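> Below: sequence and its predicted model.
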Amino acid sequence: TLHATALALLLAACGTSQKPAATAAGGEAAHLGGPDTGVGTLTADAGEYQPADPSKFHKEPGYSPYAGRRYPERAYFGDTHVHSSWSADAGGSGNTLGPEEAYRFARGEEVIASSGQPARLSQPLDWMVLSDHSDAMGIIAELRGGNAEMMKDTTLKRWHDMFKAGQDVAATMQMINAQATKTLPPLIKDPRFAQSVWEKNTAIAEKYNEPGRFTAFIGYEWTSNAGGGDNLHRNVIYRDGKKLADQALPMTTFVSENPEELWKWMDGWEKKTGGRLLAIPHNGNLSNGRMFELQTFEGKPLTREWA
């Protein structure tokens, strides 16, 4: 029967005593088989080791997709367009947070928002460009504070009083309209004030720049409102730090509203300092089509040389 056969096989396997393995002198087990190969693997010690044969290697391109790559592969998240209370539109509309608070917020710190509420990002940014308007940068804070020299100008004094009375939006719209129609009070264009503010701006960027953790890009927004309101704005971003950025004041529309003049200014700055600049169009949807015209700013046909 099946049970009898199984029992017989079991007895055949276990019924006879096994001879002990041969031992060498001293009681150690004797070495059986061929000599050790010294390679250190079971396969090699069993006598099956085969030297590597390069002719059999897989050499088709793409076998290791990461080999030979020389370009960045990690994404870093940030913001190319941030206004603080130093911009007339933001500061005039109720933003009370200056450049330092903007960088701290981007780095993941908690700040008190203009509403008086605590605010913090769910995840810190890797980098940020503080792109306050180059036209009258920082002027709004001085205006709100009642700068003595500014209070001598009747228009500036009127705007100050409007802010103090809570008419922020109305005052801001008057300032924006004056900028678009080239009727701003001369004091706002004073290069002495502009130089002081710019150097403070770049110093704050250097303070919060932390290589390997957070990049605080120096930058500004060039604010061309050509034709009384055609938005041709550009965010201008510096590749370099304060030492080079301080060598020239940012381009403003007090000089020109023509984007080609901005590009000439950028080219001149790069040749003078050896640094690098990048200009990114901003809010072209508010340009009334002028950001996408098939002619130059001055109405001339586009040419290969111009392009």
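The structure has been received and is ready for your questions.
> ok but Val236 is inside a helix, no?
No - judged by DSSP: H, G, I helix; E, B strand; the rest coil, Val236 forms no part of a helix; its state is strand.
> wait, it sits on Gly219?
Yes - when contacts are counted by CB atoms under 8 Å, Val236 is listed as touching Gly219 (5.8 Å). C-beta here means a position set from N, CA and C on the backbone, and glycine is covered the same way.
> ok, Tyr238 - how many residues close by?
Tyr238 has 22 neighbours, counted by other CB atoms under 10 Å.
> Give me the nearest residue to it, chain neighbours excluded.
Ile218 (4.2 Å; CB to CB, 6 or more residues apart in numbering).
> and Val236 and Gly219? which has more neighbours close in?
Taking other CB under 10 Å, Val236 and Gly219 do not tie; Gly219 has more neighbours (26 against 22).
> and the helix or strand encompassing the more buried one, what does it pack onto?
Assigned by DSSP states H and E, Gly219 falls within strand 215-222. Under the contact criterion of 3 or more CB pairs under 8 Å, 6 or more residues apart in numbering; DSSP states H and E, strand 215-222 touches strand 78-82, strand 127-130, helix 191-208, strand 234-238.
> sorry, back to before: which neighbours do Val236 and Gly219 share?
Ser131 (CB atoms under 8 Å, 6 or more residues apart in numbering).
> tell me the average confidence for the very next helix or strand once past the strand holding Gly219?
Sequence order places strand 225 as the next helix or strand after strand 215-222, per DSSP H and E. Mean pLDDT, strand 225: 87.
> so what's Trp269 up against?
Neighbour list for Trp269: Gln247, Ala248, Gly275, Leu277 [criterion: CB under 8 Å, 6+ apart].
> Assign a three-state SS to the first one, would you?
To tie it back to what came earlier, the one meant is Gln247. Criterion first, three-state DSSP; result for Gln247: coil.
> nearest spatial neighbour of it, skipping sequence neighbours?
Closest residue to Gln247 apart from its sequence neighbours, by CB to CB, 6+ apart: Thr273 at 5.3 Å.
> Pretty sure Arg239 is one of the things that neighbour touches, is it not?
No - with contact defined as CB under 8 Å, Thr273 does not reach Arg239; the gap is 10.4 Å.
> which of the two has more neighbours?
Thr273 (17 against 13).
> wait, what's in contact with the more buried one?
Per CB under 8 Å, 6+ apart, neighbours of Thr273: Asp240, Leu244, Gln247, Ala248.
> now swap in Tyr238 and tell me
Phe217, Ile218, Gly219, Leu244, Ala245, Gly275, Arg276, Leu277.
> Format these as a markdown table; extra columns: distance to Ser55 and pLDDT.
Output for the contacts of Tyr238, formatted as a markdown table (distance: CB to CB, whole Å; pLDDT from 0 to 100):
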| residue | distance to Ser55 | pLDDT |
| --- | --- | --- |
| Phe217 | 53 | 98 |
| Ile218 | 57 | 98 |
| Gly219 | 57 | 98 |
| Leu244 | 55 | 98 |
| Ala245 | 58 | 98 |
| Gly275 | 53 | 98 |
| Arg276 | 49 | 98 |
| Leu277 | 54 | 98 |
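> which among these gets closest to Ala180?
Comparing those against Ala180 with CB to CB places Gly219 closest, at 22.2 Å.
> is it true that that closest one touches Arg234?
No - using CB under 8 Å as the test, Gly219 is too far from Arg234 to be in contact (10.3 Å).
> quick one, which of the helices and strands packed on strand 215-222 is packed in tightest?
Across the helices and strands packed on strand 215-222, averaging neighbours per residue (mean count of other CB atoms under 10 Å) puts strand 127-130 on top, at a mean of 23.
> Report all helices and strands that it contacts.
By 3+ CB pairs under 8 Å, 6+ apart, strand 127-130 packs against strand 78-82, helix 99-106, helix 191-208, strand 215-222.
> hmm, try it at 10 Å
Here strand 127-130 touches strand 78-82, helix 99-106, helix 191-208, strand 215-222, strand 234-238, going by 3 or more CB pairs under 10 Å, 6 or more residues apart in numbering; DSSP states H and E.
> Format the ones you listed as TSV; extra columns: distance to Val169.
TSV is the format used below for the helices and strands packed on strand 127-130 (distance: least, CB to CB, whole Å):
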stretch	distance to Val169
strand 78-82	21
helix 99-106	22
helix 191-208	24
strand 215-222	20
strand 234-238	24
